[in-house]
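**Q** Sharing a model prediction with you, sequence too.
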Amino acid sequence: MSFSNLLMKSGVNGGLRGTSTAALGLLHVSTRQGHTLRGKPPGVARTLEQRLRDENVTDPEIVARVNIGFPQLKSSRSAQLKIRLEHLKAQRASKELEKLARSNKLVIDLDKVQDAYVKSTGQHDLRLMADHYGIFEHLFGSAYFVPRVPLSIRYELDANTFYPVYNGNVIKPSEASKAPIISFDGQLDPITGKSAEGDSYWTLLVTNPDAHYTNPAAECLHWFISNIPNGKIGEGEVLAEYLPPFPPRGFGYQRMVFVLYKQVSRLDLGKHKLDAKDHTNLEKRSFSTLEFYRQHQDELTPAGLAFYQSNWDESLTKFYHNVLQIKEPVYEYDFPKPYLADQKFFPLKQPFNLYMDKHRDIKQVNKEYLERKLAQTHPFDGPEPPLRFPMAHPIKDVPSWLATEIRKRRLGTGRVQDY
């Protein structure tokens, strides 16, 4: 850009009125790749993130996250490295492994790989995924924990079909209609990761933070078992019987969360017991994990976590009517009505039939299209076969809008594809 053009763009006319005025005009002009920048330069202007941070000032001490789980005692880095090197030396010194590897006959035990993953970084990855799905935020607020006790949860559909629960996978309500099979090591010490002596008691809670209809801040309690001795689920005290997930149609996915607590000793949690007559009473199943933990934080510590997602399927229609005995809720998006200008007596450059359909009842238009399609479909032989060369057949002696409509019907394009 020449100097004269720069002066013209900056509002400085041909003749300089004065040295100070020209210098002031030049100071307010900044160019970048031949274009004048409007507003503040990039080094001075604040980003949207900076503006939002200044408007929503928070106290770091208040929003700081608190770890309410068990700590983990780890061996030193040098000890871990020593064990790893010893393992590598033993593997490299094994002639049998080398022989199998060279002949492509080496079989890796995936169960051992899974066990090694769970003991090393699997539970930390589970905590990150739970954060991603908002589990800790919606259950414990600003608190979180790292699961120290792995949970094995699976739903049994038949003798040979199981649906495991892992890392937020999707399980349909028809697949989760029965209580799952849960197992964990009840003798495991969450701190040391080794077997502990003596009896231990656990509490298992299954809640859904997305299932409460009247109170968005509350949860729906699906299962509550306390005083589980040494990891034996069947011998625990059932305070609330299992209730399958029931996400309504059109709502989307709901989260089913399993939280395992380690008890200090045997506890009396009878005040949380749900009567058998209130098994399907959703209001009685209102629950708050945060309030429950605040009441018993001296006796309970979260140690295990698992969750999955579920959305609506056809089996829930009977479940709502026969089990919950309520009308099935259906969520639909309320689309705003399209804007229509005032009708003209003779619209120009618009298809006659489409223009008229805009001002008719959409249900009547849909009915006509459906009747037209059914009229061309034989009840036993099916629809009429399409033309092999639809554009080769001439269309004569009809208005242009009708010729376009016939051409669309032959090609199967346009609005005829809606039905």
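**A** Here it is on my side, so go on.
**Q** Quick one: the helices in the stretch 201-350 of the chain, in order.
**A** 289-296, 315-318 (DSSP state H, counting those that start in this stretch).
**Q** Can I get these in JSON lines including distance to residue 241?
**A** (Each C-beta comes from the backbone N, C-alpha and C, glycine too.) Output for these, formatted as JSON lines (distance: least, CB to CB, whole Å):
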{"stretch": "helix 289-296", "distance to residue 241": "18"}
{"stretch": "helix 315-318", "distance to residue 241": "19"}
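**Q** Adding distance to residue 91 and mean neighbour count, write these out as TSV.
**A** TSV is the format used below for these (distance: least, CB to CB, whole Å; neighbours: other CB atoms under 10 Å):
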stretch	distance to residue 91	mean neighbour count
helix 289-296	45	16
helix 315-318	50	15
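**Q** Output those helices in TSV, with distance to residue 243 and mean pLDDT appended to each entry.
**A** Output for the helices of the stretch 201-350 of the chain, formatted as TSV (distance: least, CB to CB, whole Å; pLDDT from 0 to 100):
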stretch	distance to residue 243	mean pLDDT
helix 289-296	16	94
helix 315-318	13	93
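**Q** Looking at those helices, which is nearest to residue 77?
**A** helix 289-296 (33.8 Å; CB to CB).
**Q** Quick check, residue 149 in contact with residue 190.
**A** Yes - at 5.7 Å, residue 149 counts as touching residue 190 under the criterion of CB atoms under 8 Å.
**Q** intersection of neighbour lists for those two?
**A** Residues touching both residue 149 and residue 190 (CB atoms under 8 Å, 6 or more residues apart in numbering) are 262, 303.
**Q** Break down the stretch 51-200 of the chain into its helices, ranges please.
**A** 60-63, 77-93, 95-102, 110-117, 123-132, 135-140.
**Q** Quick one: mean pLDDT for the longest one?
**A** Pointing back at helix 77-93 there. On average, the pLDDT along helix 77-93 is 91.
**Q** Kindly report the same for the shortest one.
**A** Helix 60-63 shows a mean pLDDT of 78 in the predicted model.
**Q** Same check on the fourth one?
**A** Averaging pLDDT along helix 110-117 gives 90.
**Q** now swap in the fifth one and tell me
**A** For helix 123-132, mean pLDDT rounds to 94.
**Q** and if you look at stretch 323-339?
**A** 87.
**Q** I would like the residues contacting that stretch, please.
**A** Here stretch 323-339 has contacts from 213, 246, 248, 249, 250, 251, 280, 282, 316, 317, 320, 321, using CB under 8 Å, 6+ apart.
**Q** Filter the residues you listed down to the buried ones.
**A** 246, 248, 249, 282, 316, 320 (16 or more other CB atoms under 10 Å).
**Q** So which of the helices of the stretch 51-200 of the chain is the most surrounded?
**A** Of all the helices of the stretch 51-200 of the chain, helix 135-140 has the most neighbours on average by mean count of other CB atoms under 10 Å, namely a mean of 20.
**Q** tally of neighbours for the nearest residue to residue 208 once chain neighbours are set aside?
**A** Nearest residue to residue 208, sequence neighbours excluded (CB to CB, 6 or more residues apart in numbering): residue 220, at 4.5 Å. Neighbour count for residue 220, taken as other CB atoms under 10 Å: 21.
**Q** Show me the shaky parts of this structure.
**A** By pLDDT under 70, the weakly predicted segments of the chain are 1-35, 37, 415-419.
**Q** mind running it again at 50?
**A** 1-29, 417-419 (pLDDT under 50).
**Q** in it, which residue is closest to the centre?
**A** Residue closest to the average C-alpha location in the chain (CA atoms, centre = their mean): residue 133, at 6.0 Å.
**Q** Residue 66: what's it in contact with?
**A** Contacts of residue 66 (CB under 8 Å, 6+ apart): 142, 143, 144.
**Q** returning to that earlier point: tell me how far the nearest residue to the residue nearest to the centre of the chain once chain neighbours are set aside lies from residue 150.
**A** Of all residues not flanking residue 133 in the chain, residue 168 sits nearest, at 5.5 Å (CB to CB, 6+ apart). Taking CB to CB, to the nearest Å as the measure, residue 168 falls 16 Å from residue 150.
**Q** Name the residues that touch stretch 99-114?
**A** residue 97.
**Q** could you list every residue that touches the closest residue to residue 164 other than its chain neighbours?
**A** In space, and not counting its chain neighbours, residue 164 is closest to residue 154: 4.6 Å by CB to CB, 6+ apart. Each residue near residue 154 by CB under 8 Å, 6+ apart is listed here: 162, 163, 164, 165, 180, 181.
**Q** what's the burial count for the third one?
**A** Right, residue 164. Around residue 164 there are 15 residues (other CB under 10 Å).
**Q** Would you mind measuring from it to residue 170?
**A** In terms of CB to CB, residue 164 sits 12 Å off from residue 170.
**Q** Would you check how far apart the nearest residue to residue 155 once chain neighbours are set aside and residue 149 are?
**A** Excluding its sequence neighbours, the residue lying closest to residue 155 (CB to CB, 6+ apart) is residue 163, at 4.4 Å. Distance of residue 163 to residue 149, computed by CB to CB: 22 Å.
**Q** neighbour-wise, which of those two wins?
**A** A direct count of neighbours by other CB under 10 Å for residue 163 and residue 149 places residue 149 higher, at 22 against 17.
**Q** Could I get the full set of strands for the stretch 151-300 of the chain?
**A** 152-158, 161-164, 181-183, 201-208, 219-229, 237-240, 254-263, 286-287, 300-310 (DSSP state E, counting those that start in this stretch).
**Q** Nearest to residue 261 among the contacts of stretch 323-339?
**A** residue 282 (23.9 Å).
**Q** Roughly how far does residue 244 sit from residue 171?
**A** 10 Å.
**Q** do the same with residue 266
**A** 33 Å.
**Q** which of those two has more neighbours?
**A** residue 171 (19 against 12).
**Q** who's in contact with the nearest residue to that one once chain neighbours are set aside?
**A** Take residue 171 and drop its neighbours on the chain: the residue closest to it by CB to CB, 6+ apart is residue 308, 5.0 Å away. Listed by CB under 8 Å, 6+ apart, the contact partners of residue 308 are 165, 166, 168, 169, 170, 171, 255, 256.
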